[in-house]
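no sequence for this one, just the structure:
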Ligand SMILES: [Zn+2]
């Protein structure tokens with residue numbers, strides 16, 4: 001999937017899910033990380049790491065986020081599932097606690113959205129021992145890809161709109 005569509009999907013779904021600007025911004029920022037970490041050289045058209053190799057393996061990312069969480073847990077012994085003590089440690093107010101919590105989960109969402117949408121293309125994503133998972137819905141950069149990304153954004157917009165109506169009522 002093209003970067004613009006990765007960012008569109010991660011941002012729109014993130015906002016619909018959480019209504020959090022912090023969550024959404026970080027999700028958009030992380031939405032292209034699985035491709036970016038391959039360190040592609042556009043001049044020579046080569047990558048340091050194989051395209052859609054371990055950079056796109058959900059198990060690798062699960063391990064990464066578990067490790068990151070574990071490091072936080074040891075560094076900040078009182079850490080809870082909401083990551084509250086991270087905010088507490090640097091002594092900021094409750095609103096900022098929520099901001100940091102949202103930002104941390106937004107990073108995870110950006111990665112999840114990237115892998116999920118790459119899995120919709122024939123190339124798919126690696127899962128286990130060379131096996132790949134693909135839904136074969138559309139080719140990267142095709143009109144269908146743009147249509148799917150746009151449809152997800154519209155659906156997310158509707159969810160945001162409707163939920164705001166409910167909150168107002
Ligand atoms: Zn990718």
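Cool, got the structure. What you are looking at is a predicted structure, and each value in this text was computed from that prediction instead of being measured. Numbers count the residues shown, from 1 in each chain.

and the end-to-end length of stretch 15-29?
Stretch 15-29 has an end-to-end distance of 13 Å (C-alpha to C-alpha, to the nearest Å).

flag every buried residue along that stretch.
By neighbour count with 16 or more other C-beta atoms under 10 Å, stretch 15-29 contains the buried residues 15-18, 20, 22-29. Using the backbone N, CA and C atoms, a C-beta is placed for each residue, glycine as well.

show me the contact partners of that stretch.
Contact with stretch 15-29 is made by 7, 10-11, 14, 98-100, 102-107, 109-110, 113, 155-157, 159-160, 163, as judged by C-beta atoms under 8 Å, 6 or more residues apart in numbering.

quick check: mean pLDDT of that stretch?
Averaged across stretch 15-29, pLDDT comes to 92.

from the ion, how far off is the residue nearest the centre of the chain?
By C-alpha atoms, centre = their mean, the chain has its centre lying nearest to residue 110, at 1.2 Å. Separation of residue 110 from the ion (C-beta to the ion, to the nearest Å): 12 Å.

contact partners for that residue?
So residue 110 contacts 10, 14, 26-31, 33 (C-beta under 8 Å, 6+ apart).

name the nearest residue to it, sequence neighbours excluded.
Distance criterion C-beta to C-beta, 6 or more residues apart in numbering; nearest residue to residue 110, sequence neighbours excluded, is residue 30 at 2.8 Å.

correct me if wrong: that neighbour contacts residue 104.
No - with contact defined as C-beta atoms under 8 Å, residue 30 does not reach residue 104; the gap is 10.7 Å.

skipping adjacent residues, who's closest to residue 107 in space?
Once flanking residues are discounted, residue 107 sits nearest to residue 30: 4.7 Å by C-beta to C-beta, 6+ apart.

surely residue 52 is within a strand?
No - the assignment for residue 52 (DSSP: H, G, I helix; E, B strand; the rest coil) gives coil, which keeps it out of a strand.

contacts only, for it.
For residue 52, the contact set (C-beta under 8 Å, 6+ apart) comprises 118, 123-126.

can you check residue 115 too?
Contacts for residue 115 were tallied using C-beta under 8 Å, 6+ apart; they are 34, 56, 58, 61, 125.

give me the neighbour count for the last one.
Neighbourhood size, residue 125 [other C-beta atoms under 10 Å]: 22.

isn't it right up against residue 57?
Yes - with contacts counted by C-beta under 8 Å, residue 125 reaches residue 57, the gap being 6.9 Å.
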